[in-house]
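I would like to see how this sequence folds:
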Amino acid sequence: MVVKKGGRLTGLQREVLSLYRSCLRAIRKKPPESKCNFLIFTRQQFEQHINISKSDFTTIEYLLRKGRHQLETYSNTGVRNIAVQSPIPTLNRHSMGESSRAH
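The predicted model follows:
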C-alpha cells in the first residue's frame, strides 16, 4: 500500500490497515505452535494483492469483505492451525554468515 504525500491515507487504505492489524491481533490468540502458519497465511493474502490499483474500488471492497469473512472464520477458537502453501524459508547457519570450518 502506497501512502500519499503528507502521510494521509484514503478511507480504503485505513480499512485495509485496520483489517491487517485485526488479523495480527487474532494471531496472538492462536496456539504457539501454529502462530507462524497464521502469520505466513496472512502475509501471503495481503502480499498477493499488493499491486491492485488504489482506484480499483470494486476489487478492494470485495477483498475487504472476503478478508473480514476469513478473519471471522479463522478467529474461531476451534480453528487451531492453518495449512500454508509455501512457508517462509528458514535461515540456516550458512545464510546467517557462519562460514564452514572444513578447509
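
use CA for all of it now, contacts and neighbours both
Noted.

How many residues are close by Y20?
18 (other Cα atoms under 10 Å).

and the helix or strand containing it, how far from the chain's centre?
Y20 is part of helix 11-28, with elements assigned from DSSP states H and E. In terms of Cα atoms, centre = their mean, to the nearest Å, the gap separating the centre of helix 11-28 from the centre of its chain is 9 Å.

cool, stretch 8-17 as well?
16 Å.

Show me what the mean pLDDT comes to for it.
For stretch 8-17, mean pLDDT is 93.

Give the buried residues for the helix or strand encompassing K66.
Counting by DSSP H and E, the element that carries K66 is helix 57-75. Neighbour counts over helix 57-75 (16 or more other Cα atoms under 10 Å) mark I60, L63, L64, G67, R68, L71, Y74, S75 as buried.

Same question for stretch 40-48.
I40, F41, T42, Q44.
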